[in-house]
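Novice: Below are the sequence and a predicted model for it; my questions follow.
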Amino acid sequence: MFRFLDIRSYFEEIGFAFRALKARDFRRFFMGQSLSLIGSWIQNIALGWLVYRLTDSAFLLGVVGFAGQAPALLLTPFAGVFADRYNRRNAMLVTQTLAMCSSITMATLIFTNVVEVWHIVLIATMNGCILAFDTPFRHALLFDLVGDRQLLTNAIAMNSTMINTARFVGPLVGGALIAAVGEGWCFAINASSYIAVITALLSVRGQRMTPPQIRKSVFTELREGIRYASDYKPIRYLLLLVSAASLLGMPFQVFLPVYAKTILGGDAGYLGYLTGAVGAGALTGAFFLATRNSVRRFPLNIYYFALMLGCGLSAFALSRWIWLSIPILYVTGLGMIAMFASTNTYLQAVVDNEKRGRVVALYGMTFLGITPLGSLLLGAVSKWVGVPYTLLGCGLLCVVVALLYRPKVPVIARLARQSARLYEG
């Protein structure tokens, strides 16, 4: 009678949102990676605060952001070719181990009081190279972990939920740790968190078989992947949209230390609140996607999320109060991550399986490779017009890009409808 009080339906919907956990390998990977990613976000907030504390420069924040992600622009497409060739689990064991060693090195430099900006730039570049290879292998690995195409869409959404839970929890913990014990312990905690994901990967049973014979060169397969993504309009339009959002929208996170300390007059705790607000919104968007049973409405939803990102970023640029900035960043984070996660899910729903690694790599390159270009560009522009006006301009441009994408929605939906996989479930 009172359907809105139907507790059973409520819990059934929650269970449906986590249905990919039925797969043993994915469940173990999910748990290990969840702990590791919290550590990564604790480190991320410490890195930004450390750079700004040492230099008091928004431009150098942009430089470090560029150094940490720029390698993806060159390396990720090649990593996508390898992700279609080789065992993805074994590759991730290597990348995660290298990342752990990087965090140990950074913690040691801080504890011994010898850390300098060039150390940070160098290690950020090394981490960028590791991430460039890790990303396409990790996204393509999801299909191997669930072993069921009907669970793939949910696994992708849950992967985004996992990332954004860490985005929410990690900065809050990191901000408190910086204030209490300093940045060094944030890097040390992150180093220890890699043990969880390495252990999970070692326990994975399912292993992707390497093709018995590789007949084409890396460059040939790379050209095939690029041509495939370019010729198929749904993939092309979506990659163009997320590329523009990566250049103009994603880099705002690099400048959150400036807002926390200079514009809002706070400390590391303020930075934790701002970054956590982005993470909370992102987590909400990711959980929304996890409850979807079909991706047929995703092209239109992506448009709404892109608008949300642009409008939220514009409003944040004008805010001068922490109590107003937090809910604005919640909306901005929701739009940003929901747009990227929806695009990733939709692309994997329509892509040919033998080209999955290469297309996922091109998608990863849009935010790993193009975002640092935006960080560097915005860092330079902010020296002349200031951070608030820089972010305001970027927010308005994101709105324009979303409006240009809107007429493409029917084309994307019509062409992608040819794939029956979109309507499974």
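Specialist: Cool, got the structure.

Novice: Grab the nearest non-local neighbour of residue 272.
Specialist: In this structure, residue 272 finds its nearest non-sequential neighbour in residue 175, 2.2 Å apart by Cβ to Cβ, 6 or more residues apart in numbering. Placement of C-beta: from N, CA and C, glycine included.

Novice: Correct me if wrong: residue 155 contacts residue 26.
Specialist: Yes - at 5.8 Å, residue 155 and residue 26 qualify as touching, with contact defined as Cβ atoms under 8 Å.

Novice: who touches both of those two?
Specialist: 20, 142, 145-146 (Cβ atoms under 8 Å, 6 or more residues apart in numbering).

Novice: Any idea which helix or strand in this protein has the lowest mean pLDDT?
Specialist: In the chain, no helix or strand scores lower on mean pLDDT, DSSP states H and E than helix 7-17, which sits at a mean of 50.

Novice: Let me see the mean pLDDT of whichever helix or strand comes after that one.
Specialist: The helix or strand immediately downstream of helix 7-17 is helix 24-55, counting by DSSP states H and E. Taken as a whole, helix 24-55 carries a mean pLDDT of 87.

Novice: Centre of the chain to helix 24-55, how far?
Specialist: Chain-centre distance of helix 24-55: 12 Å, with Cα atoms, centre = their mean, to the nearest Å.

Novice: who does that helix touch, helix- and strand-wise?
Specialist: Contact partners of helix 24-55 among helices and strands, from 3 or more Cβ pairs under 8 Å, 6 or more residues apart in numbering; DSSP states H and E: helix 58-69, helix 88-111, helix 117-146, helix 149-181, helix 183-202, helix 256-258, helix 268-290.

Novice: Out of the ones you listed, which is closest to residue 80?
Specialist: Nearest to residue 80 among these is helix 117-146; the distance by Cβ to Cβ comes to 4.4 Å.

Novice: now the angle between helix 88-111 and that closest one, please.
Specialist: Here the directions of helix 117-146 and helix 88-111 differ by 150 degrees (axes from the mean of the first three to the mean of the last three Cα atoms, to 10 degrees).

Novice: Packing partners of helix 117-146?
Specialist: When contacts are defined as 3+ Cβ pairs under 8 Å, 6+ apart, helix 117-146 packs onto helix 24-55, helix 58-69, helix 71-83, helix 88-111, helix 149-181, helix 322-350, helix 356-368.

Novice: Go through that helix and flag the buried ones.
Specialist: Within helix 117-146, the residues that count as buried by 16 or more other Cβ atoms under 10 Å are 120-121, 123-146.

Novice: returning to that earlier point: tell me the most buried of the helices and strands packed on helix 117-146?
Specialist: Per residue and on average, the most neighbours among the helices and strands packed on helix 117-146 fall to helix 356-368, with a mean of 27 (mean count of other Cβ atoms under 10 Å).

Novice: just to revisit the earlier point, and which of the shared contacts of residue 155 and residue 26 is nearest to residue 306?
Specialist: Distances from residue 306 to the shared contacts of residue 155 and residue 26, taken by Cβ to Cβ, are shortest for residue 142, at 24.0 Å.

Novice: what about the closest one, distance to residue 345?
Specialist: 10 Å (Cβ to Cβ, to the nearest Å).

Novice: List the residues that are in contact with both of the two.
Specialist: Residues touching both residue 142 and residue 345 by Cβ under 8 Å, 6+ apart: residue 156.

Novice: May I have stretch 244-257 as CSV, with CA atoms only?
Specialist: What follows is stretch 244-257, C-alpha atoms only, in CSV (Å, rounded to 0.1, in the frame of the first residue of the first chain):
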residue,chain,number,x,y,z
ALA,A,244,37.4,19.1,-24.5
ALA,A,245,36.2,18.5,-21.0
SER,A,246,39.6,17.2,-20.0
LEU,A,247,41.3,20.2,-21.4
LEU,A,248,39.0,22.8,-19.9
GLY,A,249,37.1,21.2,-17.0
MET,A,250,39.3,18.6,-15.2
PRO,A,251,42.3,20.8,-14.4
PHE,A,252,40.4,22.9,-11.9
GLN,A,253,41.3,20.4,-9.2
VAL,A,254,45.0,21.4,-9.5
PHE,A,255,44.1,24.8,-8.2
LEU,A,256,42.1,23.8,-5.2
PRO,A,257,45.0,24.5,-2.9
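
Novice: any low-confidence regions in the stretch 251-400 of the chain?
Specialist: Confidence mapping of the stretch 251-400 of the chain against pLDDT under 70 gives the ranges 353, 367-369.

Novice: how about a cut-off of 50?
Specialist: For the stretch 251-400 of the chain, no stretch is flagged by pLDDT under 50.

Novice: Residue 333 reaches residue 285, doesn't it?
Specialist: Yes - assessed by Cβ under 8 Å, residue 333 is found in contact with residue 285 at 7.5 Å.

Novice: what is in contact with these two at once?
Specialist: Joint contacts of residue 333 and residue 285 (Cβ under 8 Å, 6+ apart) are residue 164.

Novice: residues contacting residue 388?
Specialist: Contacts of residue 388 by Cβ under 8 Å, 6+ apart are 263, 317-318.

Novice: Apply 10 Å and report the result again.
Specialist: Residue 388 is in contact with 255, 258-259, 263, 316-320, 382, counting by Cβ atoms under 10 Å, 6 or more residues apart in numbering.

Novice: Separate out the buried members of these.
Specialist: Neighbour-count burial (16+ other Cβ under 10 Å) is assigned, among the contacts of residue 388, to 255, 258-259, 263, 316-317, 319, 382.

Novice: ok, so of these, who is nearest residue 403?
Specialist: residue 317 (18.9 Å).

Novice: Which strands or helices does the helix or strand hosting the closest one pack on?
Specialist: Following DSSP H and E, one finds residue 317 within helix 298-318. If you count contacts as 3 or more Cβ pairs under 10 Å, 6 or more residues apart in numbering; DSSP states H and E, helix 298-318 packs onto helix 233-248, helix 268-290, helix 322-350, helix 387-405, helix 409-416.
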